[in-house]
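Peer 1: Quick check, what structure comes out for this input:
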Amino acid sequence: MQRNRYLSDILSTLFDRRRATRSDDDPRDTTDLCHALLSQEGEVSGLKLAEVILARYRGFDEAAKLAFFQFINDALDIDAAHLAQVAQSYAETGSTKDYARLFGAATGQRRRLLRRLNQPSGATADLVSMRVDLLRLIRTNPDLKRTDLDFALLLRSWFNVGFLVLRQIDWMAPAALLDKIVAYEAVHEIDDLDDLRRRLSPPDRRCFAFFHPAMPDEPLIFVEVALADHIPGSVDAVLSDGREPLMPENARAAVFYSISNCQEGLKGISFGNLLIKQVVRQLSVELPQLSDFVTLSPLPLFNTWLADQTEDPIHGAVASAILAGTAGQEDTRVMAARYLLDGKDKNGAPFDPVARFHLGNGAEVHDVHANADSSANGLAQSSGAMVNYLYDLGQVERNHEDFALRGQITTSRSVRALARTPFKAKSWQQAS
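Peer 2: Alright, predicted model coming up:
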């Protein structure tokens, strides 16, 4: 019991940290301050220097931000000639001393600068925000990708899953946090406070998010969950304002119907896999009668793929009918099953990015549905079709290996059979 209180005190201290403010009375320009931070002066006054540099960056306009990134990209780049020299020396001696020199040369000044900038309270959030600017500037300045590699490496280390804290968000959460849930929702737009209440307040609704102690007020990723007595095939039904709430003890399925990444600066750093599995474990303890853990997921590139199929001798008429909104439900389901099993990108991976995510996590393509999402976005991206991915914790590791090593898509028998089913309507009916 004492240990639990001690851990709670540590977490509370971390989550209550606030940014210190320091006046900027240093006459040197920002590049000189960066060099100072990397020097022996940085060993003594690193906290102060880092605070001043970060405060200045927050006040930079677009041109100044670009100049800052160009400086650290070029002036603080790895010295390739020196690296080759120490690598050769280590190859010849194998000594610990030469290994340390090699490690330091490979790390480079740019990465050391970013580490030292991360010293003040609140600095991690500054660096995540800084990467948002960097990713935007890379579009017109591709040389900055070298700097982004260092950002991504360090952020991946700082946001290691061992540091993440899972918290449940309900209707009683602070208003500022609820506002962020509304703003960050990326799958099914939250219309207003009544809509948000319907997702958080009823007894058969859950929302979980990952937080990091360095950014305690900012969710990194969150998932919305519906408890149900069956596996649903329509998000319209899940989000209906007229539905009757289910008591949690009567639920048989936990349905993950929306997963939203919140921090653009953490792009490429995946939390979704761990989030889903950790929520599954938590719900399994809270509600041991749950038998199915599934998603109700969009098919964001289904219509894009259909547009490429309109001239296909087999799929063309059906694809055109789906895009025109005249196809039957069964034919739409058949086409969605074929899309998930056979639609590939140029690298031979599933064409659908959501499919790649869930299949990579070890999920199974469990079922597909037509007329499942009548929202403007749902119709625009997938003509209303949706898919259930099933998470069976006893099978996810095997499924993951099959997908990662052999490109094998784990699919229920019903979806495999559906993909082989002939279309109901004849070509001339679809075309008309």
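
Peer 1: mind listing the helices for the stretch 251-400 of the chain?
Peer 2: Along the stretch 251-400 of the chain, the stretches classed as helices by DSSP state H, counting those that start in this stretch are 272-286, 302-309, 316-324, 329-342, 353-360, 376-382, 396-406.

Peer 1: any chance of the ones you listed in CSV, plus mean pLDDT, distance to F256 and mean neighbour count?
Peer 2: Bear in mind the C-beta positions are built from the backbone N, C-alpha and C, glycine included. Formatted as CSV, the helices of the stretch 251-400 of the chain follow (pLDDT from 0 to 100; distance: least, C-beta to C-beta, whole Å; neighbours: other C-beta atoms under 10 Å):
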stretch, mean pLDDT, distance to F256, mean neighbour count
helix 272-286, 91, 6, 17
helix 302-309, 97, 19, 19
helix 316-324, 96, 26, 21
helix 329-342, 96, 17, 22
helix 353-360, 94, 9, 20
helix 376-382, 95, 17, 17
helix 396-406, 93, 14, 14
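
Peer 1: doesn't I181 fall inside a helix?
Peer 2: Yes - residue assignment for I181, taken from DSSP: H, G, I helix; E, B strand; the rest coil, places it within a helix.

Peer 1: does it really touch D170, like I thought?
Peer 2: No - under the criterion of C-beta atoms under 8 Å, I181 makes no contact with D170, lying 10.7 Å away.

Peer 1: Between those two, which has more neighbouring residues?
Peer 2: With other C-beta atoms under 10 Å as the criterion, I181 and D170 differ in neighbour count, and I181 comes out ahead with 21 against 11.

Peer 1: got any ranges where this protein has weak pLDDT?
Peer 2: Confidence mapping of the chain against pLDDT under 70 gives the ranges 1-22, 425-432.

Peer 1: how does it divide into domains?
Peer 2: Residue ranges for the domains of the chain, per automatic domain parsing: 10-158, 162-295, 298-431.

Peer 1: what touches both of I181 and D170?
Peer 2: Overlap of the contact sets of I181 and D170 (by C-beta atoms under 8 Å, 6 or more residues apart in numbering) consists of 200, 207.

Peer 1: count of residues packed around L227?
Peer 2: L227 sits with 23 neighbouring residues when counted by other C-beta under 10 Å.

Peer 1: my guess is it meets V238, correct?
Peer 2: No - with contact taken as C-beta under 8 Å, L227 and V238 are classed as non-touching, separated by 10.4 Å.

Peer 1: Mind listing the shared neighbours of these two?
Peer 2: Shared between the contact lists of L227 and V238 (criterion: C-beta under 8 Å, 6+ apart) are residues V255.

Peer 1: Just list the residues touching Q119, thanks.
Peer 2: Q119 sits in contact with 46-47, 50, where contact means C-beta under 8 Å, 6+ apart.

Peer 1: Can you tell me which of those end up in helices?
Peer 2: Among the contacts of Q119, the members found in helices (DSSP state H) are 46-47, 50.

Peer 1: wait, which of these is closest to I221?
Peer 2: Lowest distance from I221 to the ones in helices among the contacts of Q119 (C-beta to C-beta) belongs to A50, with 27.5 Å.

Peer 1: will you turn the ones in helices among the contacts of Q119 into JSON lines that also has distance to R333 and neighbour count?
Peer 2: Listed next are the ones in helices among the contacts of Q119 as JSON lines, based on distance: C-beta to C-beta, whole Å; neighbours: other C-beta atoms under 10 Å:
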{"residue": "G46", "distance to R333": "60", "neighbour count": "19"}
{"residue": "L47", "distance to R333": "60", "neighbour count": "17"}
{"residue": "A50", "distance to R333": "56", "neighbour count": "24"}
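
Peer 1: helices or strands up against the helix ranked longest in the chain?
Peer 2: Using DSSP H to assign secondary structure, the helix with the most residues in the chain is helix 96-117. Helix 96-117 is packed against helix 30-38, helix 40-58, helix 62-74, helix 80-93, helix 123-138, helix 145-158, with contacts defined by 3 or more C-beta pairs under 8 Å, 6 or more residues apart in numbering; DSSP states H and E.

Peer 1: got the contact list for the longest one?
Peer 2: Here helix 40-58 makes contact (C-beta under 8 Å, 6+ apart) with 20, 22, 24, 26, 30, 33-34, 36-37, 65, 68, 116-120, 123, 126, 130.

Peer 1: Show the buried residues in the residues you listed.
Peer 2: Members of these that pass the buried threshold by neighbour count (16 or more other C-beta atoms under 10 Å) are listed as 26, 30, 33-34, 36-37, 65, 68, 116-120, 123, 126, 130.

Peer 1: I'd assumed V223 was in a strand, is it?
Peer 2: Yes - for V223, which was evaluated using three-state DSSP, the result is membership in a strand.

Peer 1: Distance to N347 added to the helices and strands packed on helix 96-117, as a markdown table?
Peer 2: Supplementary listing: the helices and strands packed on helix 96-117 in a markdown table, determined by distance: least, C-beta to C-beta, whole Å:
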| stretch | distance to N347 |
| --- | --- |
| helix 30-38 | 39 |
| helix 40-58 | 37 |
| helix 62-74 | 29 |
| helix 80-93 | 30 |
| helix 123-138 | 22 |
| helix 145-158 | 20 |
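
Peer 1: Tell me the bridge partners for the residue most central in space within the chain.
Peer 2: Computing the C-alpha centroid of the chain and ranking residues by C-alpha atoms, centre = their mean puts N261 first, at 4.3 Å. With beta bridges defined as DSSP bridges, N261 has these partners: I221.

Peer 1: contacting residues for it?
Peer 2: When the contact criterion is C-beta under 8 Å, 6+ apart, the partners of N261 are 184, 186, 220-221, 267, 271-272.

Peer 1: hmm, which of these are the buried ones?
Peer 2: The neighbour-count test (16+ other C-beta under 10 Å) marks 184, 220-221, 271-272 as buried among the contacts of N261.

Peer 1: Using TSV, please lay out those together with distance to V255.
Peer 2: What follows is the buried ones among the contacts of N261, written out as TSV (distance: C-beta to C-beta, whole Å):
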residue	distance to V255
Y184	20
L220	22
I221	18
F271	20
G272	16
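
Peer 1: And those, which is closest to F256?
Peer 2: Within these, distances to F256 taken as C-beta to C-beta reach their minimum at G272, with 9.8 Å.

Peer 1: The closest one reaches N361, doesn't it?
Peer 2: Yes - the pair formed by G272 and N361 meets the contact definition of C-beta under 8 Å, at 7.2 Å.

Peer 1: From G265, how far out is E311?
Peer 2: Taking C-beta to C-beta, to the nearest Å as the measure, E311 and G265 are separated by 41 Å.

Peer 1: Comparing those two, which shows the higher neighbour count?
Peer 2: For E311 versus G265, neighbours defined as other C-beta under 10 Å are more numerous around G265 (18 against 10).

Peer 1: D126 is in contact with that one, correct?
Peer 2: No - using C-beta under 8 Å, G265 and D126 do not qualify as a contacting pair, with a distance of 9.8 Å.
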